[in-house]
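Give me the fold of what follows.
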Amino acid sequence: MNAATHNIAAEPRSIRRPIRQLDAAAANRIAAGEVVERPASAIKELVENALDAEARRIAIAYADGGKTLLRVADDGAGIPPEELPLALSRHATSKIDGTDLTDIRSFGFRGEALPSLGAVGRLTLTSRWASAPEAASLTVRGDETGGVRPAALARGTVVELAGLFSATPARLKFLRSDRAEAQAIGEAVRRLAMAAPGVGFTLTDVTEPGAPRELLRLDPEPGDLFDALPGRLRAILGADFTQNALPIEAGRDGLRLAGFAALPTFSRGAAVAQYLFVNGRAVRDKLLVGALRAAYADVLARDRHPAAALFLTCEPEAVDVNVHPAKAEVRFRDPGLVRGLMIGALKQALAAAGHRGATTTGAGMLGAFRPEAAVARPIWPARPSLPTRAALGFAEELLGPEGWSGRVEPATPAVPAEEAPADYPLGVARAQLHATYVVAQTADGIVIVDQHAAHERLVYERLKAERGAARVPGQILLIPEIVELDAAARAALLDAAPELETLGLVIEPFGGGALCLRETPAILGAVDGRALLADIADALIEDAGRGLGARIDAVISRISCHGSIRAGRRMTGPEMDALLREMEATPLSGQCNHGRPTYVELKLADVERLFGRR
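Below you'll find the model as predicted:
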């Protein structure tokens, strides 16, 4: 080691300096680093201030992704001229008096947003108090504050921030592209607008001088939150969400949950459509996200995510909103109560939806049916020809080995085609395609059912009901089955043996790496014991970190798959109708245990459009 290297290594990592009070400019820049991460953070703080001022319309504008200009204008109460300098000083607020920091009934109260923004850019605050003869304005940049001067403004407040992070260039380098920052602003505004459906919002990109682009316009929705929310959600999330969402409304011990949660078949590939609010504040709270996930555990695969907009309200004392600098997380006084209310309300709504599936599955099917306009070819041969072998094979698959009879026999003889379907939501079975799909006629369309997926859900719900009532009935095997498994699978099954016995599955060790299967759930009938135990062992190992209830539900899901009607099994007309009737009577039968749809529905009008009849 040379001398230079030795000196560097020996040098202390920190140098002891006297403790001193930071000046106001440095303190504000530090505070800005906590509160204002990016332009979207600044917009959030300013819009929340406008909402606290009881604004009915809020206009947001930005340039260059918010890096060069941010502006928020509202028609709220405004600020008296003499209070403008105080509004730009730290820890000054009109929202609390400091005597009770648990009774927070506004979006913000620490008084850090405005001075923090002024510390990292050029902030101009213009406001008109309702009883003031004219508006007043004040500009601050860093530790330089100008004087109060008259301004032109009819009512409310306008906050304009130019050159965000110009006072801290290092922070500016960490911002993403203009496009990415603009997208973050749009997402922040949409979340804020969801929580205030009675307030009108506009969002405008003013990057190009003289050519502003209005990106979002939301008119105020009438009524209270629950009445106004559908219209606001339709404008922000689209009609598909509102058409496939279930209303949620529940309360318990001072807590109230309201909003909408989408059907499982309207799930997403990422958690991008989950909007959660606590007392009107948008949050990304782990407790609430976990409860939402748990409520859909029975109906969604692990790589799918539910869509929801849910609003939890409670007394301010029941929640601490100041545990995160940006207030993105909260802490509940009774987290178990919140989780229980949320899971219970969502599960009840999903169960009440019965066999309902998302409308988008039918729309996707129609899209697959539509011919490509660019391909112009005759559908029929130019001259008559005899049926090909392929056509005859399809007829045999559709109609059975007896072959073509000149007409299609209905799946349920003696049932009038026009009358019986009107009595049942899923209609009356008319055919089975490829020994896998049941085709039914409804009063105003057709339904195509995946027989295995549908029956899997039915068996799953029946097993859960039997387990909830008592022990699942089992059937003792005449000859016990000896199953060889690897050590991990065998250990997982034996550890869970008492719980498996409540499901009608009785196993015993049989020396070495073998297990003796003595009893299986009666609902399954004849099963492949080795395949069943191997599948259950996989579920137990995969869910080892979850609670016992979740692990048992995963096991029940695997068991139900082994007891379901398999694809490839031909069904009689009465069997198909029985499947449809049980689907109508079973909660959550619109999707299988993995969240896939069990059926798709096409309205007659849609079919007629495919053939040019409409």
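
following the lowest-mean-pLDDT helix or strand in the chain, which helix or strand comes up?
Least confident helix or strand of the chain, by mean pLDDT, DSSP states H and E, is helix 389-399 with a mean of 34. Downstream of helix 389-399, the next assigned helix or strand under DSSP states H and E is strand 428-433.

Now do the buried residues in that next one.
Using 16 or more other CB atoms under 10 Å as the burial criterion, the residues of strand 428-433 that qualify are 428-432. C-betas here are computed from N, CA, C, even on glycine.

Reformat those as CSV; add pLDDT and distance to V158.
Converted to CSV, the buried residues of strand 428-433 look like this (pLDDT from 0 to 100; distance: CB to CB, whole Å):
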residue, pLDDT, distance to V158
V428, 93, 64
A429, 93, 65
R430, 93, 65
A431, 93, 67
Q432, 93, 67
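
Going by distance to R462, which of these wins?
R462 has its nearest neighbour among the buried residues of strand 428-433 in A429, at 20.9 Å by CB to CB.

List the neighbouring strands of the longest strand belonging to the chain plus their orientation.
Ranked by number of residues, the top strand in the chain under DSSP state E is strand 474-484. Here strand 474-484 is paired, per DSSP bridges, with strand 514-521 (antiparallel).

And for the partner strand, what's in contact with it?
463, 472-477, 480-485, 490, 493-494, 503-510, 527, 529, 532-533, 559, 563 (CB atoms under 8 Å, 6 or more residues apart in numbering).

Please pick the buried ones from those.
Using 16+ other CB under 10 Å as the burial test, the contacts of strand 514-521 include 463, 472, 474, 477, 480-481, 483, 485, 490, 493, 503-507, 527, 529, 532-533, 559, 563 as buried.

Where strands are concerned, which of these count?
Reading strands off the buried ones among the contacts of strand 514-521 with DSSP E, I get 474, 477, 480-481, 483, 506-507.

show me the contacts for V189.
Neighbouring residues of V189 by CB under 8 Å, 6+ apart: 43, 47, 60, 201, 203, 216.

what kind of secondary structure is it in?
Recorded secondary structure, V189: helix (DSSP: H, G, I helix; E, B strand; the rest coil).

per-residue confidence for it?
V189 carries a pLDDT value of 96.

what do you get for A294?
At A294, the model reports a pLDDT of 90.

what does G344 give?
93.

is it true that it touches G251?
No - the pair G344 / G251 is not scored as a contact, 11.1 Å apart, by CB atoms under 8 Å.

any chance of the contacts of V189 in JSON lines, plus secondary structure, distance to T145 and neighbour count?
Formatted as JSON lines, those follow (DSSP: H, G, I helix; E, B strand; the rest coil; distance: CB to CB, whole Å; neighbours: other CB atoms under 10 Å):
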{"residue": "I43", "secondary structure": "helix", "distance to T145": "23", "neighbour count": "26"}
{"residue": "V47", "secondary structure": "helix", "distance to T145": "24", "neighbour count": "25"}
{"residue": "I60", "secondary structure": "strand", "distance to T145": "25", "neighbour count": "26"}
{"residue": "F201", "secondary structure": "strand", "distance to T145": "30", "neighbour count": "24"}
{"residue": "L203", "secondary structure": "strand", "distance to T145": "30", "neighbour count": "23"}
{"residue": "L216", "secondary structure": "strand", "distance to T145": "33", "neighbour count": "15"}
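
Pick out whichever of those residues sits closest to T436.
Distance to T436, by CB to CB, is smallest for L216 among these, at 45.3 Å.

What separation is there between the closest residue to the closest one other than its chain neighbours and W129?
Nearest non-adjacent residue to L216, counting by CB to CB, 6 or more residues apart in numbering: L203, 3.9 Å away. Between L203 and W129 the distance is 27 Å, computed by CB to CB, to the nearest Å.

Look up how far G251 lies from the closest residue to R252 other than its chain neighbours.
Once flanking residues are discounted, R252 sits nearest to L341: 5.0 Å by CB to CB, 6+ apart. According to CB to CB, L341 stands 8 Å off from G251.

Tell me which of the two has more neighbours.
L341 (21 against 13; other CB atoms under 10 Å).

Beta-bridge partners for A431, please?
Under DSSP bridges, the beta-bridge partners of A431 are V439.
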